[in-house]
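1. below is the sequence, then the predicted model.
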Amino acid sequence: MIAHYDMTTGEVITEGGPQDPATAARTEASLGLRLVSVEETTATRVEKIGLPADVADLPVDLLISRWS
């Protein structure tokens, strides 16, 4: 027997099991297009650390002293 749990509350899901991903996609697509809010945009943003390629040539001691 396989038990399904709600990952946020830890409760056992008894009715119908997990939703089929194909059914979920059709349900969301039927809602139509909408604009994304500012909060949703900032929540999905991935922060990247941009370092120049010249950093690879610097000694490790210099890097540690510069960014610590």
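-> Received the coordinates, thanks. Note that the structure is a prediction, hence the values are computed from the model and not measured.

2. any idea how far I13 is from the one residue sitting closest to the centre of the chain?
-> Of all residues in the chain, the one closest to the mean position by C-alpha atoms, centre = their mean is T44, 6.6 Å from it. Note on T44: its distance to I13, by C-beta to C-beta, to the nearest Å, is 27 Å. Bear in mind the C-beta positions are built from the backbone N, C-alpha and C, glycine included.

3. now the strands for the chain?
-> 4-5, 12-13 (DSSP state E).

4. could those be laid out in a markdown table, adding mean pLDDT and distance to V36?
-> Below are those laid out as a markdown table (pLDDT from 0 to 100; distance: least, C-beta to C-beta, whole Å):
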| stretch | mean pLDDT | distance to V36 |
| --- | --- | --- |
| strand 4-5 | 80 | 30 |
| strand 12-13 | 82 | 29 |
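
5. out of these, which comes closest to W67?
-> W67 lies closest, by C-beta to C-beta, to one member of those: strand 4-5, at 42.6 Å.

6. give me the below-cutoff pLDDT ranges for this protein.
-> Along the chain, segments meeting pLDDT under 70 span 1, 16-31.

7. please redo it, this time with the cut-off set to 50
-> Applying pLDDT under 50 to the chain picks out residues 17.
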